[in-house]
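S.K.: Everything below, folded, please.
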Amino acid sequence: MKTIGVVGAGSWGVALALHAARAGKRTLLWARRAELVEEMRRSRRTPYLDVTLPPTVEPVAELAALAPCDALLMVVPSHGFRAVLRDLLRALPAGAPRVIVSATKGIEPDSLDRMSAIAANEAAAAGSPLRFAVLSGPNFAAEVAAGLPSAAVVASEDAALCAELLDALGTPALRLYSSSDVVGVELGGATKNVIAIAAGVVAGLGLGHNTLALLITRGLHEVTRLGVACGGRSRTFAGLAGLGDLVLTCTGDLSRNRRTGLLLAAGKSLPEIVAETSMVAEGVRNSIAIDRFAEAAGVEMPITRQMVEVLYRDKPPRQALDDLMRRELKSEDSL
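M.R.: Next comes the predicted model:
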């Protein structure tokens, strides 16, 4: 793999483009807005991260320009993943199977599909052969962009594809591990954002480290419960794409989801939070989708349900946490 395409020029997309360039790849970075592409070409800067784009990162405005890429990293919000992928597959010439790597964390709100299911459906509809993988792990975009030591998981049912991607994108700065558990890796990344909003609430209310440890542990329990019910493997949730990502997002100051919880604890409403930030936390949009997804799977996710009540039904954050603490006592061993 000599040429990598990154579809999406937000902070995570830019960070992955910088990483691919450092890995020695020619990198094409697609942005939806032509004016943003022109600005990146002119200034070699982006509005989302304080970084300079190297000459090996080429911003492009047309999806067809990604045709030479050996692998395409989809780094767009979950609610826009289907539309962008559909346009991408239409824009690319038919031929050998395309390598699509989802770096999107979430569930599509309307269909409740994971990104792997969307990719399979859209590829079939377009008559385009597809090789699919998902990239996830405990990574803040700014730290990956700065080249700080990090790690992630590449998951695919295609073991050969995993090996190719680890060889192409693994570096001493970003250590990659392979997995065949696509379901577990996808759901780990999708669900942890809602738990992180709750973690921000805990911190904002000044409830201490005991409460935060309790929340993270029980949050991991409900995330694992959902993943296993959907066919994921429990050990995946003890790894980078599960526990690692959850801890980072629940405790790191760069977490937009945690910051949302802090603002909720300070008495801000969701419309006020949305109005004062340029990038909405993915957990805000995904909380309802995950709640519905869990209900359809017959899985109880009490922390997620309480965050939906706080975000969309004006439930006081302190009352939501009190209700969680009053739940029926049970064995810790039960999933």
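S.K.: For residue 105, give its distance to residue 333.
M.R.: Applying Cβ to Cβ, to the nearest Å, the value for residue 105 to residue 333 is 29 Å. Yep, even glycine has a C-beta here, placed from its N, CA and C like the rest.
S.K.: Check residue 186 too.
M.R.: From residue 186 to residue 333 the distance is 26 Å (Cβ to Cβ).
S.K.: Compare these two (neighbour count), which wins?
M.R.: Using other Cβ atoms under 10 Å, the more surrounded residue of residue 186 and residue 333 is residue 186, with 27 against 5.
S.K.: could you list every residue that touches the most centrally placed residue in the chain?
M.R.: The centre of the chain sits closest to residue 105, judged by Cα atoms, centre = their mean, with a distance of 2.4 Å. By Cβ atoms under 8 Å, 6 or more residues apart in numbering, residue 105 lies in contact with 78, 136, 189-190, 192-193, 282.
S.K.: Helices along the protein, start to end?
M.R.: 11-22, 34-43, 81-91, 115-126, 141-145, 159-169, 182-204, 208-229, 245-251, 256-265, 270-275, 282-297, 302-312, 317-325 (DSSP state H).
S.K.: Would you mind giving those as CSV with mean pLDDT and distance to residue 63 added?
M.R.: Shown next, in CSV, are these (pLDDT from 0 to 100; distance: least, Cβ to Cβ, whole Å):
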stretch, mean pLDDT, distance to residue 63
helix 11-22, 97, 14
helix 34-43, 95, 12
helix 81-91, 96, 4
helix 115-126, 96, 13
helix 141-145, 96, 22
helix 159-169, 97, 21
helix 182-204, 96, 24
helix 208-229, 96, 32
helix 245-251, 97, 29
helix 256-265, 94, 27
helix 270-275, 88, 29
helix 282-297, 92, 23
helix 302-312, 96, 33
helix 317-325, 94, 42
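S.K.: With distance to residue 176 added, can I get the ones you listed in JSON lines?
M.R.: JSON lines is the format used below for the helices of the chain (distance: least, Cβ to Cβ, whole Å):
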{"stretch": "helix 11-22", "distance to residue 176": "11"}
{"stretch": "helix 34-43", "distance to residue 176": "26"}
{"stretch": "helix 81-91", "distance to residue 176": "22"}
{"stretch": "helix 115-126", "distance to residue 176": "18"}
{"stretch": "helix 141-145", "distance to residue 176": "12"}
{"stretch": "helix 159-169", "distance to residue 176": "5"}
{"stretch": "helix 182-204", "distance to residue 176": "12"}
{"stretch": "helix 208-229", "distance to residue 176": "21"}
{"stretch": "helix 245-251", "distance to residue 176": "14"}
{"stretch": "helix 256-265", "distance to residue 176": "24"}
{"stretch": "helix 270-275", "distance to residue 176": "34"}
{"stretch": "helix 282-297", "distance to residue 176": "22"}
{"stretch": "helix 302-312", "distance to residue 176": "29"}
{"stretch": "helix 317-325", "distance to residue 176": "36"}
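S.K.: Compare those helices and give me the one nearest residue 62.
M.R.: Closest of the helices of the chain to residue 62 is helix 81-91, at 7.4 Å (criterion: Cβ to Cβ).
S.K.: Please indicate which of the contacts of residue 105 has the highest neighbour count?
M.R.: That'd be residue 192 among the contacts of residue 105, by other Cβ under 10 Å, with 32 neighbours.
S.K.: Spatially nearest residue to that one, not counting backbone neighbours?
M.R.: The shortest distance from residue 192 to any non-neighbouring residue, by Cβ to Cβ, 6 or more residues apart in numbering, is to residue 246 (4.3 Å).
S.K.: just residue 161 next, same as before
M.R.: Nearest-residue entry for residue 161: residue 131, 5.1 Å, with adjacent residues in sequence omitted and distances by Cβ to Cβ, 6+ apart.
S.K.: do the same with residue 283
M.R.: Nearest residue to residue 283 in three dimensions, chain neighbours excluded: residue 193, at 3.1 Å (Cβ to Cβ, 6+ apart).
S.K.: I figured that neighbour hits residue 282, correct?
M.R.: Yes - using Cβ atoms under 8 Å, residue 193 is in contact with residue 282, at 5.0 Å.
S.K.: what is in contact with the two at once?
M.R.: By Cβ under 8 Å, 6+ apart, the residues touching both residue 193 and residue 282 are 105-106, 257.
S.K.: got those residues as a markdown table, with distance to residue 33 columns?
M.R.: Converted to a markdown table, these look like this (distance: Cβ to Cβ, whole Å):
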| residue | distance to residue 33 |
| --- | --- |
| 105 | 22 |
| 106 | 21 |
| 257 | 25 |
